[in-house]
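Asks: Sequence and predicted model, in that order:
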Amino acid sequence: MQHLAGSVAIVTGASRGIGVNIARALAERGVHLSLAARSLDELEQVRAGIEAMGVRAIAIRCDVTSAEDRAELIRRTEDELGPVDILVNNAGIERIGSFDRSPVSDFADTLAINLEAPIHLTHAVLPGMLDRQRGHVVNIASGAGKAGVPYGTSYSTSKFGLVGFTHALKAEYLHSPVGFSVVCPGFVTEVGMYHRWAEQGAKGPRIGGTCSPDKVAKVTVRCIERNTLEATVNTPPLRPLIVLGAIAPSLSPRILHWMGYAKTFAKVADIEADRRNSD
Ligand SMILES: NC(=O)c1ccc[n+]([C@@H]2O[C@H](COP(=O)([O-])OP(=O)(O)OC[C@H]3O[C@@H](n4cnc5c(N)ncnc54)[C@H](OP(=O)(O)O)[C@@H]3O)[C@@H](O)[C@H]2O)c1
């Protein structure tokens, strides 16, 4: 989709973190925004900031795991803004912990939010996009969807799924004007889940690199405009690691340990275990 001005986009997970940057970057292109998350007060603040940028914006309380909430999100977006041109599946959670000591329910929760919700939302909006011969779906995955991260089994499983889902859609609708992208950020600074863990003492891997939320947002918009299938967003050396892992998969876990990922995520696992114990 080359000309985004006047389009209508749904951005899930727009109450905080990277979703806010993505919504703002779309607003800068003149896109009207339907902002979805569970925290309505935070969403309202984001909505007011986006409307001040000169586009229309609505805030819709939506738990993406609820079929009723998803249907209401689409119904209100279409009624109040118009047909959905762009869907950004950004809402996500990450449970970090040692696999053998974590509840297996972590998988159900994580897969429901990170993978099943994007599938349901895409299934709901795609027929309209195909009818109108216009539309784009962006899934926000992660570097953890390209290399299996230690202590992040449920998260990596969901993000590998999201990468595979996007690739399969692209292959199926290759000759359609509707586009599909998957964006894989590494360690995002300033806002978001890793930033919160870093503030609690979990330093990123010694040679893992980082990226800003604005960069993730910029790349997301570029993926829509250029119909790019996949983009990794991080300073080096995440991309070479991913390439190496694709060529020689058995090297990937060893490299992750060498780079310091296991140390970082072991620390995050401690932070999360403390949080769970105090809940
Ligand atoms: N931060 C990073 O370094 C990083 C790196 C790679 C990929 N990512 C991906 O980027 C995306 C955004 O992450 P973030 O770091 O910005 O996370 P975040 O700060 O924790 O924000 C997550 C967003 O998802 C929403 N959300 C969570 N569960 C939801 C549910 N059941 N229904 C609706 N919304 C829900 C949250 O809103 P409510 O709580 O208000 O519902 C919030 O707006 C995620 O998919 C994440 O996996 C992040």
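Replies: Good, I have the coordinates.

Asks: Around the ligand, pick out the residues from the stretch 1-150 of the chain.
Replies: 12-19, 37-39, 62-65, 90-94, 113, 140, 142 (CB under 6 Å from any ligand atom). In this view, the C-beta of every residue, glycine as well, is placed from N, C-alpha and C.

Asks: From the residues you listed, list the buried ones, please.
Replies: The neighbour-count test (16 or more other CB atoms under 10 Å) marks 12-19, 37-38, 62-65, 90-92, 94, 113, 140, 142 as buried among those.

Asks: quick one on the thing from earlier: in strands, which of the residues of the stretch 1-150 of the chain next to the ligand fall?
Replies: Judged by DSSP state E, those include 12, 37, 140 as members of strands.

Asks: out of the residues of the stretch 1-150 of the chain next to the ligand, which are inside helices?
Replies: Using DSSP state H, the subset of these located in helices is 18-19.

Asks: all strands for the protein, in order.
Replies: 8-12, 32-37, 57-61, 86-89, 136-140, 179-185, 230-233.

Asks: Walk me through which strands the longest one pairs with, and which way each runs.
Replies: For strand 179-185, sheet partners with direction are given as strand 136-140 (parallel), strand 230-233 (parallel), following DSSP bridges.

Asks: how far is it from where the chain is centred?
Replies: 9 Å (CA atoms, centre = their mean, to the nearest Å).

Asks: which other residues reach it?
Replies: 1, 18, 135-143, 145-146, 159, 162-163, 166-167, 169-170, 173, 211, 216, 219-220, 223-224, 227-234 (CB atoms under 8 Å, 6 or more residues apart in numbering).

Asks: now the fourth one
Replies: Contacts to strand 86-89, defined as CB under 8 Å, 6+ apart, come from residues 1, 4, 7-12, 19, 22, 26, 31, 117-118, 121-122, 125, 135-140, 162, 220, 224.

Asks: please redo it, this time with the cut-off set to 6 Å
Replies: Strand 86-89 is contacted from outside by 7, 9-12, 22, 118, 121, 125, 136-139, using CB atoms under 6 Å, 6 or more residues apart in numbering.

Asks: Lowest average confidence across helices and strands of the protein, where is it?
Replies: helix 238-247 (a mean of 87; mean pLDDT, DSSP states H and E).

Asks: Would you pull up the residue in the stretch 151-279 of the chain closest to the ligand?
Replies: residue 192 (2.5 Å; CB to the nearest ligand atom).

Asks: looking at it, that residue is touching residue 19, isn't it?
Replies: No - taking CB atoms under 6 Å as the definition, residue 192 is not a contact partner of residue 19, at 9.1 Å.

Asks: Residue 79: neighbouring residues, count only.
Replies: Using other CB atoms under 10 Å, residue 79 is surrounded by 9 other residues.

Asks: I meant to write residue 2 there.
Replies: Neighbours of residue 2 using other CB under 10 Å come to 7.

Asks: now the one 3 residues further on
Replies: For residue 5, the tally of surrounding residues (other CB under 10 Å) stands at 9.

Asks: Contact partners for it?
Replies: Contacts of residue 5 by CB under 6 Å, 6+ apart are residue 30.

Asks: sorry, back to before: show me which of the ones in strands among the residues of the stretch 1-150 of the chain next to the ligand is closest to the ligand.
Replies: Closest to the ligand, out of all of those and judged by CB to the nearest ligand atom, is residue 37, at 3.5 Å.

Asks: so what's the closest one closest to, chain neighbours aside?
Replies: Nearest non-adjacent residue to residue 37, counting by CB to CB, 6 or more residues apart in numbering: residue 15, 3.6 Å away.

Asks: sorry, back to before: any chance of the strands of the chain in TSV, plus distance to residue 105 and mean pLDDT?
Replies: Converted to TSV, these look like this (distance: least, CB to CB, whole Å; pLDDT from 0 to 100):
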stretch	distance to residue 105	mean pLDDT
strand 8-12	22	98
strand 32-37	22	98
strand 57-61	24	98
strand 86-89	22	98
strand 136-140	23	98
strand 179-185	26	98
strand 230-233	30	96
